Each structure stands twice: as structure tokens, then as C-alpha cells.
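>>> Just to be clear, the model below is a prediction. Sequence and coordinates:
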Amino acid sequence: MWRQKRKFSMLFVITLLIVMLTTLITGLADGLAYDNGSALHELNATTYQLDPDSEGQLTRSFIDVTADTSNETMSVRQLTVTIDGKKEEVTLFALPSGSNIGPGTYLETGEVLFDPSLSEQLGTGDTLTDFASEYRFTIAGEAPGRYSHGPVIYTTNETWFDYLDYSEQRPYVSAEIGTESTMSNPLVMSQQDLIESVPGYSAEQSTFTMMRAFLLVIGTFILTAFFYLFTLQKLPELGILKAIGLSPRIIGRALLFQVIVIVSAAVATSIGFMYVVDALIPSSLPFLVDFGHVALFGSMFIFLSVLGALLPLWKLRQVDAIEIIGGKAS
Amino acid sequence: MRLSHVSHQFDGQLVLNDIELHVSPGECVAIVGPSGSGKSTLLYILGLLRKPDQGAFLMNERDVFELDEEQRRLLRLHEVGFVFQQAHLIPYLTVLEQLELIQEKRQMDAKQLLTDLGLGHRLHHLPSTLSGGEKQRVAVARALINSPQLILADEPTASLDYENGRRVMELLAKQAHEEGRRVVVITHDERMLDVCDRVLRVIDGTLTELNKEEGHHDQFDAIDE
């Protein structure tokens, strides 16, 4: 087969395009997933207790702060801030001081870290002003974090309560961290539950998952059809080999080997192409190369292609060698 | 190696009727007969590709059709060499690779075999670059590579001119006469018959031996299409 350069190249290119489309969509889905919930994904905690009325959304969770609260807490709130007179939507993540749960836990009151996507407008020492309350946050540095496709600013709980106090709001937190809760009927959520509850996250990812699933199925069908046609073209040769006594298993293994090599080469090239795309596209585009994720989809492609190749192999088993060599079928 | 009381029907029609055939080592047997007379069916039975409705094919005193499919396949690979009307070479394998693909035991040197058949200078050529005669000689080499007891050839000269056809027939006969193999050749070309030791005619499902020495041309005239 390797000497049939034209056919081989055509099959490789078609396989590559299908796999590439799938991996690019995977990159886009991962990029959007990151853009939607990376601030949550990067937190070092596994269990969160939310207000039972919050429907799992941190920004809708309001837990009264009571005197006996000994748990570590966090608060999340979407703010409209002004930077040099221009309004920006950000999400404030307030985390326990001195903990290792996330960035910014060592900051002084009033200080925040900002997502690098704001670095064109902000620098260390600059201030952000909350539009509603005019509370001023001072920039102490950068820390990457995205929530609901917007930048995150990190701060400490001290700053959070200072902000609430300044804006004359009732003190509350969004979640208690850990398995203990002061609430009688808390909504217990894992980190993944929280991420999936980010508005739009599940709908977005479901759409991409469906697209990838369809691409996998369509790609497998196309590849199976190609390998089937390839096998049909080869039936005379395979029939002769069968007549001679060569094991169908040997012939089948050779065909499977070809499928695996072609699809694996396409997957490897696609992954390489993903890194090139990642390096070339502007950082504002939500695109992320998660090698494990792309490799998983690539492996699924290889696996499904091998399954698809079994159909032509079945055809091969049915070959009547006598018919192929010019006699009447038995 | 013997066919014993072999009968076979095809589409309700008896194509082989109580056939008895014995081929000795070192013997080259030609089979002739009109189209549809059952020659090819006979060859497929000898090649273990078709199981007869009745009778036995005894090889080393055992009926090979009592073996299972896999055992028959192995027997075909090791003990039977096929040469078809067309060479049926794999288009993307070189001459040498055609042999290496099916070579089971490395007891025969494929290069030497090809060289002996006058193809030493063509070892790494693809079939598309070979002449018809060369292709058929590669097919003969492929049939010989596993040192089979029995060589079956189905009109091996049909697609060749006289000289190339003759060369192929002589090659096959040489395998019988010098290597002690059994060779069975179906042919329509009576000019090739003299290289064989016996000529058998299949007509109406029966096998009769023609007298090579005494005017078999006349008998051929009677059976030719």
C-alpha cells in the first residue's frame, strides 16, 4: 500500500482534515471551558457549601455571616469597575487570607490581583473603582483567572468585608469551603459541580461535545467507507492470496495496521497543528491545547477507525477465492 | 496423491462423475477439455479450494477433505503451488516481495529461485514494469517458493505468446522431471502438450487418458470448442 502514494496521500489528507476539525473544535471547547471557569478550576478545594437557594451559582449564593463561623469562606461577585473612566465587567473572588486555596491570599486590605487580559489597561499600583459603590481597589499584581468569559480579580476576605461595609451592604459570603457548614441545609457542591453551574458553561460544553461526537461518528463513517472501497479494490489480490493459502488474519492484520498508521499519523499531525495554531492565534481568542484531552479524542478516532475497518475485514472473510480466480462461486 | 471416486454437481448438473486420478511424483499431467467440461472444478478440488460432493482426495494416504478449513489452508500454503491464467501479482509489491509475502519456511532462497527463472535482474521491479512472460514466471516462482508437492496451473499460457508460453510450460515440466514434484496443468494449447507426460481429457464429467504418441491432434480436434 505504501507504494500507492496517490491513494495513500488522499486517504491521509482526508483523515487528517477530519481529525483536525475535531481537534480544533476540542481546542476551542477547552479554550471556552477555561475562559468560563478557570478561576474555579484552579482553586485548591474540593467541597463547597452554598446557599440552598443559589441553584449552584456562586454569584447567587448569599450566606449570612454568623458569629460562630469558623469555616473558611469565599465570596464571588460580578462587578462593574471603571478603569481610567472606562467601564469593565470583572468577577471579584475573595478568598481566605493566608490560605493556599488560591492567589491573592497574602494581600493587604483593598489590594487585588488582576487577570492578565486586563494588562493593557492596568498595571501594578493602578486602581479599579467599583462603579456602584466607588470602592477603590489597588492593583498589587497579576494572577490568571477567568469566570463566565470575563476577567477575575482576586482579593482577601478582609477586603471583601471592607468593600461590603464601605458600600453599606449586609455582610455575607458566597460559600463555605470544606465539609462543615453553619447552614442547616447547605447545597454541597464539588469543584466540578461549581464549574458546570457557571452560567452558560454546560450548554456551551454540551454543544461542543455533541459536535465532537457527530464529527467522530461522521469521520468514522467516512473512513470506514474509504477503507471499505480500498478493500473492495483489493479483493482480487486478496482473493489470490487466500487461494494460495495465506491466512486471512495476516491479510486482515496488514489492513488494520494500515488503518492504525494512517489515523495515528493524522492524529499526531493534528496535535502538532494545534500547537502551531495556539502559538499563532491572538490570546484574545479562547483556544487551549489540553494535550490529554486532544489525545483522548485522537485515541477515540483511532479506536473507532479500527472498529470501522472491521467491516471491510468482514467483507474479506466473505471473499470466495474461486470466484476471484475466475471460477464459478461455490 | 490420488482422487478417488470424486463426483461433484454444480447447479444440479453433474460436472465430475466418479473421477479417479493418480499423479505420481515427478509427473507432469495435462488436462484438456472444452469449456464447462469440469476441468477447473477438478483443479479447484485438487487445490483444496472446493470440496467434492462425493469421493476423497488422498494425500499421503489421508483424505484432505476430512481436515478442517484451517488445516486445508495450511496444506494449500505448504503443499500446493498455484499458477493462474493471469499472473495476479500484487501491484505494489516488488518481484522479490511477492515471494517473501507468502514464504513460510526460509528453506528456499527467493532470490536464487527468481534468478534461476531468469528474473535475477528484476528482483526489485514492480509488476507494472514487467512483460507478460516475466509476470507469469514470477507467478511460477511464487508457486514454488514453499517447495510444494503439487503444482496446479490453470491455463498458464493463455495470456502469453507462443515463446513465452512454451518457456513457462517447460519451467513447470522441469519442476516435475528434475525436482520430483507433481504438476497438473490445464491448457487449451495443444502445442504445449508435448512437455507433459500424460494428457487427460475431461468431457461430460468423465476423465479419459489421451494417447500422446498416437495422433492426439485428431482427438483434440474432436473436443475443441
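Right, received. Where do you want to start?
>>> drop to CA atoms for contacts and neighbour counts, all remaining ones
Noted.
>>> Phi first, then psi, for the nearest residue to A:Q121 once chain neighbours are set aside.
In this structure, A:Q121 finds its nearest non-sequential neighbour in A:I83, 7.2 Å apart by CA to CA, 6 or more residues apart in numbering or on different chains. A:I83 adopts backbone torsions of phi -120, psi 110, taken as degrees, to the nearest 10.
>>> Tell me who's in contact with A:I83.
By CA atoms under 8 Å, 6 or more residues apart in numbering or on different chains, the contact set of A:I83 is A:121-122, A:127-129.
>>> Just the buried residues out of those, in ChimeraX syntax.
To isolate the buried members of the contacts of A:I83 in ChimeraX, using 16 or more other CA atoms under 10 Å in any protein chain shown:
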select /A:122,127,128,129
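>>> Strands - which of the contacts of A:I83 land there?
In strands, judged by DSSP state E, the following of the contacts of A:I83 are found: A:127-129.
>>> returning to that earlier point: closest to A:R60 out of the contacts of A:I83?
A:T129 (22.4 Å; CA to CA).
>>> ok so, going back, can you tell me how far the residue nearest to A:Q121 is from A:T159?
In this view, A:I83 and A:T159 are 19 Å apart by CA to CA, to the nearest Å.
>>> now A:G239
Computed with CA to CA, the distance linking A:G239 and A:T159 is 79 Å.
>>> In terms of neighbours, single out the busier of these two.
Taking other CA atoms under 10 Å in any protein chain shown, A:G239 and A:T159 do not tie; A:G239 has more neighbours (24 against 21).
>>> Number of residues surrounding the nearest residue to the more buried one once chain neighbours are set aside?
Of all residues not flanking A:G239 in the chain, A:A321 sits nearest, at 4.6 Å (CA to CA, 6+ apart). Here the number of neighbours of A:A321 (other CA under 10 Å) works out to 26.
>>> in the stretch 201-330 of chain A, which spans are strands?
With strands called from DSSP state E, counting those that start in this stretch, the stretch 201-330 of chain A shows none.
>>> How about chain B?
B:2-10, B:13-22, B:28-32, B:54-59, B:62-63, B:80-83, B:150-154, B:182-186, B:198-203, B:206-210.
>>> Could you export the ones you listed as a markdown table, including distance to chain A, mean neighbour count and mean pLDDT?
A markdown table is the format used below for the strands of chain B (distance: least, CA to the nearest CA, whole Å; neighbours: other CA atoms under 10 Å in any protein chain shown; pLDDT from 0 to 100):
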| stretch | distance to chain A | mean neighbour count | mean pLDDT |
| --- | --- | --- | --- |
| strand B:2-10 | 8 | 19 | 91 |
| strand B:13-22 | 12 | 17 | 91 |
| strand B:28-32 | 16 | 27 | 94 |
| strand B:54-59 | 15 | 19 | 92 |
| strand B:62-63 | 18 | 14 | 88 |
| strand B:80-83 | 7 | 26 | 91 |
| strand B:150-154 | 10 | 25 | 93 |
| strand B:182-186 | 13 | 26 | 94 |
| strand B:198-203 | 16 | 21 | 92 |
| strand B:206-210 | 19 | 18 | 89 |
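>>> To A:N100, which of those lies closest?
strand B:80-83 (76.5 Å).
>>> so how far is the closest one from its chain's centroid?
Here the centre of strand B:80-83 is set off from its chain's centre by 6 Å, with CA atoms, centre = their mean, to the nearest Å.
>>> again with stretch A:7-15
With CA atoms, centre = their mean, you get 29 Å for stretch A:7-15.
>>> likewise stretch B:31-42?
The chain centre lies 13 Å from the centre of stretch B:31-42; the measure is CA atoms, centre = their mean.
>>> residues making contact with it?
With CA under 8 Å, 6+ apart, stretch B:31-42 has contacts from A:327, B:15-16, B:50, B:154, B:184-188, B:199-205, B:223-225.
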